[in-house]
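>>> okay, sequence plus prediction incoming.
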Amino acid sequence: MKEEFLQYFQNITFIQILDVTLVVLIILQLFRALRGSVAFNIFIGSLAIYILWRIVDRYQMLLMGEILDRLVSIGWVGIIFVFQPEIRKFLITLGRRSPFGRNGFVSRLFQSNSLNKYIVEEEVIEEISQALKHLQERKLGAILVIARSDKFEFDTNTGNMINGVISAKLIESIFSKTSPLHDGAVLIDRDNLIAAGIVLPISDSNELPSTIGLRHRSAVGATEHSDVLVIIVSEESSKLSIASEGKLQIGVPMELVKKEIYNAMVS
């Protein structure tokens, strides 16, 4: 392998320079994206094992070589599971837009903390999804307002400021029947739960079904006045509904809800 490596760089060409540059940039971005997280420690540990494996192979240490061969061969499968969110977000980034556009893969890949930002979005969506499932199981009503921009045309001062990191347990505790905030809405902006117990404006649209209650009407009212997506959990039926741009969809499956949350967060 050493001879092949040296032979590769005997006659340096533009393609070889490009090859090395891309590898260095990718490693740099992985380092910047994973730094400070548990995944970073796993990445460093995996790199250390790989380097040790190459040293053992170089000096033909048979017993250690046998152990590390098995560990490395199994380890690649383990790495796929450990880094599943990172890999998933990387592939989403790759296919989302044209590669060379302003928001395309090439420009996003080399932005500071871009991959880390996508990982955060994935974690937030998963926490919200878990909360919605548990609220459905417990037949608890809820209204989640997800900001698409900072244009809120309703009074957030009607509720209580939270400014907390989003988690399923936090959302569930807010909408539990013993909570004084359970009748209002929560406002979510990116990975931050800004406020809870917010009173939303009620829609007077004649296009809405006469059978819906105030929770659904206020959800639609919020979208008529602000650039937001609203997720509603029905206390009576446990069905999920979506309000967006003055329109209401009732009985929406969880996968579509997750898709709409993702679109709202990246808009």
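Looks like it arrived, so ask away.

>>> just the strands in the stretch 151-267 of the chain please.
Taking DSSP state E, counting those that start in this stretch to define them, one finds strands in the stretch 151-267 of the chain at 160-165, 185-189, 192-198, 228-233, 240-244, 247-250.

>>> save these as a markdown table, and put in mean neighbour count too.
In this view, the C-beta of every residue, glycine as well, is placed from N, C-alpha and C. Shown next, in a markdown table, are the strands of the stretch 151-267 of the chain (neighbours: other CB atoms under 10 Å):
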| stretch | mean neighbour count |
| --- | --- |
| strand 160-165 | 14 |
| strand 185-189 | 25 |
| strand 192-198 | 21 |
| strand 228-233 | 26 |
| strand 240-244 | 22 |
| strand 247-250 | 16 |
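
>>> can I get those in JSON lines with distance to Asn206 and mean pLDDT?
Putting the strands of the stretch 151-267 of the chain into JSON lines (distance: least, CB to CB, whole Å; pLDDT from 0 to 100) gives the following:
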{"stretch": "strand 160-165", "distance to Asn206": "34", "mean pLDDT": "89"}
{"stretch": "strand 185-189", "distance to Asn206": "23", "mean pLDDT": "93"}
{"stretch": "strand 192-198", "distance to Asn206": "25", "mean pLDDT": "92"}
{"stretch": "strand 228-233", "distance to Asn206": "19", "mean pLDDT": "96"}
{"stretch": "strand 240-244", "distance to Asn206": "16", "mean pLDDT": "96"}
{"stretch": "strand 247-250", "distance to Asn206": "13", "mean pLDDT": "94"}
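
>>> including distance to Ala222, could those strands go into CSV?
Below are these laid out as CSV (distance: least, CB to CB, whole Å):
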stretch, distance to Ala222
strand 160-165, 17
strand 185-189, 7
strand 192-198, 9
strand 228-233, 5
strand 240-244, 7
strand 247-250, 11
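
>>> of all these, which one comes closest to Ser173?
Closest approach to Ser173 among those (CB to CB): strand 192-198, 9.6 Å.

>>> the closest one: how far from the chain's middle?
19 Å (CA atoms, centre = their mean, to the nearest Å).

>>> so what does that strand touch, helix or strand wise?
With contacts defined as 3 or more CB pairs under 8 Å, 6 or more residues apart in numbering; DSSP states H and E, strand 192-198 has these neighbours: strand 160-165, helix 168-174, strand 185-189.

>>> would TSV of the ones you listed with distance to Leu132 be doable?
Shown next, in TSV, are the helices and strands packed on strand 192-198 (distance: least, CB to CB, whole Å):
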stretch	distance to Leu132
strand 160-165	18
helix 168-174	8
strand 185-189	12
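
>>> the ones you listed: which one's closest to Arg70?
Closest among the helices and strands packed on strand 192-198, using CB to CB: helix 168-174, at 37.9 Å.

>>> give the buried residues for that closest one.
Ala168, Leu170, Ile171, Glu172, Ile174 (16 or more other CB atoms under 10 Å).

>>> got those residues as TSV, with distance to Val20 and pLDDT columns?
Formatted as TSV, these follow (distance: CB to CB, whole Å; pLDDT from 0 to 100):
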residue	distance to Val20	pLDDT
Ala168	44	94
Leu170	46	95
Ile171	47	96
Glu172	50	96
Ile174	52	96
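
>>> closest one of those to His134?
Closest to His134 out of those is Glu172 (5.4 Å), distances taken as CB to CB.
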